[in-house]
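**Student:** Give me a 3D structure for the following:
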Amino acid sequence: MTNYVTIKKFCADTGYSPDAVRSKISHGDWEIGKEYIKAPDGRILINIEGFEKWAESTPGVRESSESSIEIDIRYNGKCCRERLALKPTPSNLKKAAQHRAAIFNASMPEHLTMRTHSRNQKTRTNSRHRNTP
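**Tutor:** Predicted coordinates:
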């Protein structure tokens, strides 16, 4: 069996809709080269192994590099990302998931400085999130 399938085949096998797949790609939930690729003819192909790894991962926590873990949080309508300087071992991924959960449960998250990005931009800028009345 091949590692890559078309969106149509992927949807038939998994039950995801084509719109859901395209949404995961456009919102940055799936990364090019990990969960999908663009073929030379421009078609999007889903990496089955990458999808399975993504599906088994902790939501919002992923390996960013060999020496860091990235967590995603949606706050005030923005997607915020924080990179932790931890080697992505199973133990550290669990700690990162606990850190992410603590952020969600915090009553005053404005003490966090996080990187935000727009859905249409790949660049990120530092900003401080504050609750203003």
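**Student:** Tell me where the model's unsure across the protein.
**Tutor:** Along the chain, the parts satisfying pLDDT under 70 run over 1-2, 75-76, 106-133.
**Student:** all strands for it, in order.
**Tutor:** Remark: strands assigned in the chain by DSSP state E are 4-6, 36-38, 44-47, 61-65, 68-75, 78-84, 113-117, 125-128.
**Student:** per the record, what domains does the protein have?
**Tutor:** The chain resolves into domains spanning 1-56, 59-133 when parsed by automatic domain parsing.
**Student:** ok so, going back, just the strands of the chain: most buried one?
**Tutor:** strand 44-47 (a mean of 20; mean count of other C-beta atoms under 10 Å). No exception for glycine: its C-beta is placed from N, CA and C like everyone else's.
**Student:** So which residues make contact with it?
**Tutor:** Strand 44-47 has contacts (C-beta atoms under 8 Å, 6 or more residues apart in numbering) with 3-7, 10, 21-22, 25, 34-39.
**Student:** Relative to it, what are the paired strands and their orientations?
**Tutor:** Using DSSP bridges, the strands paired with strand 44-47 are strand 4-6 (antiparallel), strand 36-38 (antiparallel).
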